[in-house]
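Fold the stuff below for me.
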Amino acid sequence: SLERRVYKDWIQVEGIPHEAELVRRGLDFGYSNDPTAVVAIYAYNGGYILDEELYRKGMKNNDIGAFLNNVDKSNVLVIGDSSEPKSIAEIQEYGINIIGVKKAGGDDEMGNKKTFKQFGIDFVGQKRISVTKRSINIWNEYTTYLHKEDREGNILNDPEDGNDHAMDATLYGFMGLRPKVESKPQQQYKPTNFMV
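Down below sits the predicted model:
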């Protein structure tokens, strides 16, 4: 299972250093079967520290809005699951700075097509990541978040669904940190006048 782990080489730290800067929060919605997860992402010393702020079932949107209004630095941008636009709109009504993640895939540097999740996992996997010791659910998910296998036992570039709520919240938060790629304007064809 170590080979199948989606993320590798994360470490645990005691807490958030005073110099760390809170740069994003990621939010994955849940309710009855799945927990709502909120992960705070701190930039520190060339890497990032993840801190679990919420991991709870039965949270309505008004509960989430009230919770986010009472966390430290509540004005930091929250990136939520864009498949729930109504929930995001309702939480915005509480004055929360929240937007939906842009779930766009694309081509990697080799020209291979990748889904949003594959793209995001590659992006997060390139970062040096630590997790606070109090973030029990983040750590538990990290250790059990595995790539699927085919019938022959080959590891596929596709994570198993299920126990991935904090992992999804982390992914959404990091996707809000991706640099914007400026699309080059297409050159317009200008006809040349030739003298005959």
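
use CA for all of it now, contacts and neighbours both
OK.

Helices of the protein, start to end?
Under the criterion DSSP state H, the chain contains helices at 61-69, 85-92, 116-125, 136-144, 165-175.

For the first one, what is the distance to the chain centroid?
It refers to helix 61-69. Its chain's C-alpha centre lies 19 Å from the corresponding centre of helix 61-69 when counted by CA atoms, centre = their mean, to the nearest Å.

Buried residues of it, list them for me.
Along helix 61-69, the positions that meet the burial threshold by neighbour count (16 or more other CA atoms under 10 Å) are 61, 64, 65, 68, 69.

same thing with the longest one?
The neighbour-count criterion (16+ other CA under 10 Å) identifies 165, 166, 167, 168, 169, 170, 171, 172, 173, 174, 175 as the buried residues of helix 165-175.

Read off the pLDDT value for the fifth one.
Predicted confidence (pLDDT) at residue 169: the value is 98.

Now do it against residue 110, distance only.
28 Å (CA to CA, to the nearest Å).

got it, and the fourth one?
According to CA to CA, residue 168 and residue 110 sit 25 Å apart.

Ok, the second one next?
Note on residue 166: its distance to residue 110, by CA to CA, is 30 Å.

what are the ranges of the strands in the chain?
Listed in chain order, the strands of the chain (DSSP state E) span residues 11-13, 21-28, 36-44, 47-56, 78-80, 98-100, 106-107, 113-114, 129-132, 147-149, 155-159.

Between those strands, which one is closest to residue 2.
strand 147-149 (10.2 Å; CA to CA).

Would you mind checking the average pLDDT for the closest one?
Along strand 147-149, the predicted confidence averages to a pLDDT of 89.

Please apply the same query to stretch 117-131.
For stretch 117-131, the mean pLDDT works out to 93.

end-to-end on that stretch?
Taking CA to CA, stretch 117-131 runs 21 Å from one end to the other.

neighbouring contacts of that stretch?
For stretch 117-131, the surrounding residues in contact (CA atoms under 8 Å, 6 or more residues apart in numbering) are 6-13, 46-51, 105-106, 108, 138-139, 157-158, 171, 174-175.
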